[in-house]
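Novice: Provided below for reference: sequence and predicted model.
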Amino acid sequence: MTVTIVAKEGIGTANAVIRIKHTPEDAKVFCVEYLRDPSMRCVRDVIATTKLSDRVTGNCVERTWTDTHGSSYSFHGSARQSPELMEDGSFSESDYLIRRDGDERFLPTSPSSYYEALEVFQALCPGIVKVVP
């Protein structure tokens, strides 16, 4: 989901906040790129049915954050630090370990939720995740 950033505060600290809003332009991007529907009806439907928080927050010291849906996550470093996960084929050397609060397992790297969570964390706490070109 595309959103518009309104303000940033405390980025990289224990009180990182990015204030956001979901605009009709953001909904249009979602309709065109993901739903393949450029109609104004799609835009209106997405605006009407998409419930997002007005902010994402993070504690970069604790390496925790919340996303636009209010879900909480924790960052556990590189999968390289957990050879057992790489040996069973769950993760590769370039993957990071992210856990949604309440889940016992780490997020799998294939669904878009992993990449969305990692992107939010990187925006709130830059410099922790090393981007490999």
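Specialist: Arrived safely.
Novice: which stretches of the chain have low pLDDT?
Specialist: Judged against pLDDT under 70, the low-scoring parts of the chain cover residues 86, 88-90, 131-133.
Novice: And the strands in it?
Specialist: According to DSSP state E, the chain carries its strands in the segments 4-9, 16-21, 55-59, 64-66, 72-78, 96-100.
Novice: Just give me the longest helix of the chain.
Specialist: Of all the elements of type helix in the chain, the one with the most residues (DSSP state H) is helix 112-124.
Novice: Now do that helix against strand 16-21, angle only.
Specialist: In terms of direction (axes from the mean of the first three to the mean of the last three Cα atoms, to 10 degrees), helix 112-124 departs from strand 16-21 by 120 degrees.
Novice: Distance check, the residue most central in space within the chain against D54.
Specialist: Nearest to the centroid of the C-alpha atoms of the chain, with distances taken as Cα atoms, centre = their mean, sits A117, at 2.4 Å. Counting by Cβ to Cβ, to the nearest Å, the gap from A117 to D54 is 19 Å. Quick note: C-beta positions are derived from backbone N, CA and C, even for glycine.
Novice: now V120
Specialist: The separation that V120 has from D54, given Cβ to Cβ, amounts to 14 Å.
Novice: Kindly report the same for R41.
Specialist: Taken as Cβ to Cβ, the span from R41 to D54 is 25 Å.
Novice: re the thing from before, tell me which of V120 and D54 has more neighbours.
Specialist: More neighbours surround V120 than the other of V120 and D54, with 20 against 11 (other Cβ atoms under 10 Å).
Novice: Make sure the more buried one is actually in contact with T57.
Specialist: No - counting by Cβ atoms under 8 Å, V120 does not reach T57; the two are 9.6 Å apart.
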